[in-house]
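Trainee: whatever this is, show me its structure:
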Amino acid sequence: CNTMPADNSGDKVENPDRSSIPSTSASASASSSSTEGDAVAIANDDFEFKYSWPAAAASQPALVSYLTKEREKTLAELKTQTTTAKSEAKKNGFPYRVYAESMEWKSVADLPGFLSLSGEWYNYTGGAHGMSGVNSLVWDKTAQKPLDGMNYSQINPPSIKLLNRHFATSWTTSAASGAA
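Mentor: Numbering: from 1, shown residues only. As a prediction, the model looks like this:
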């Protein structure tokens with residue numbers, strides 16, 4: 001895991017298994033290759049930020065672009081929130097608590113034509129406890145875009161048959177082993 005200053009602010013950026021992240025900005029994205037995923041971690045006096053995706057996602061250039069934009073947007077929002085919160089804390093005489101934001105995408109199913117990802121997120125904004133949850137993303141490899149949430153009418157009939165066959169096989173295997 002490489003850790004290096006991201007800029008003159010003292011931010012530290014971790015980018016596992018890569019030689020560098022551009023040192024001009026803490027929000028700069030690292031390059032991805034098709035054989036490994038991507039992970040960025042930034043920690044400073046204002047916030048902790050982590051965002052990652054698996055190798056299966058890194059093999060889809062349009063998906064990498066999509067996730068990179070989401071990562072940059074999330075980081076920019078976090079920076080704005082923490083700047084405001086730190087100022088408000090100082091103005092009102094109470095301690096500032098370091099914010100946290102993370103998103104870890106994991107591959108659920110890599111099928112011909114589709115990649116299904118599950119994203120575990122966490123955020124903390126200085127209160128009694130943080131919040132966590134799960135997001136999903138189904139990437140259409142042919143259209144090079146995410147499917148709208150639960151709008152599986154966008155899937156063509158041959159793909160539906162493939163998905164049905166995949167899930168039927170998974171369920172049958174689980175049931176036969178006593179896991180169902």
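
Trainee: report the helix or strand with the lowest average pLDDT across this protein.
Mentor: Least confident helix or strand of the chain, by mean pLDDT, DSSP states H and E, is strand 2-5 with a mean of 35.

Trainee: what about the longest strand in the chain?
Mentor: strand 99-111 (DSSP state E).

Trainee: pull the CA atoms of it into CSV?
Mentor: The C-alpha trace of strand 99-111 is given here as CSV (Å, rounded to 0.1, in the frame of the first residue of the first chain):
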residue,chain,number,x,y,z
TYR,A,99,-16.2,13.1,9.3
ALA,A,100,-16.0,9.8,7.5
GLU,A,101,-17.3,8.6,4.1
SER,A,102,-16.7,5.2,2.5
MET,A,103,-18.0,3.2,-0.4
GLU,A,104,-16.8,-0.3,-1.2
TRP,A,105,-18.2,-1.9,-4.4
LYS,A,106,-18.1,-5.7,-4.6
SER,A,107,-18.8,-7.9,-7.6
VAL,A,108,-22.0,-10.0,-7.1
ALA,A,109,-22.3,-11.5,-10.6
ASP,A,110,-20.2,-11.1,-13.7
LEU,A,111,-22.4,-12.4,-16.5
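
Trainee: got the buried residues for it?
Mentor: Residues of strand 99-111 classed as buried by neighbour count (16 or more other CB atoms under 10 Å): 99-106, 110. Bear in mind the C-beta positions are built from the backbone N, C-alpha and C, glycine included.

Trainee: quick one: mean pLDDT over it.
Mentor: Averaging pLDDT along strand 99-111 yields 96.

Trainee: quick one: contacts of it?
Mentor: 46-57, 67, 70-71, 74-75, 78, 81-82, 85, 115-126, 130, 135-137, 162-163, 166 (CB atoms under 8 Å, 6 or more residues apart in numbering).

Trainee: paired strands for it, with orientation please.
Mentor: Strand pairing for strand 99-111, determined by DSSP bridges: strand 47-53 (parallel), strand 114-124 (antiparallel).

Trainee: hmm, who's touching the shortest one?
Mentor: Residues from elsewhere that reach strand 47-53, judged by CB under 8 Å, 6+ apart: 37-43, 64, 67, 71, 74-75, 78-79, 82, 98-105, 117.

Trainee: now stretch 125-132
Mentor: Residues contacting stretch 125-132 (CB under 8 Å, 6+ apart): 81, 85, 89, 96-97, 99-100, 120-124.

Trainee: all strands in the protein, in order from the N-terminus.
Mentor: Going by DSSP E, the chain shows strands at 2-5, 12-15, 38-43, 47-53, 99-111, 114-124, 131-140, 145-146.
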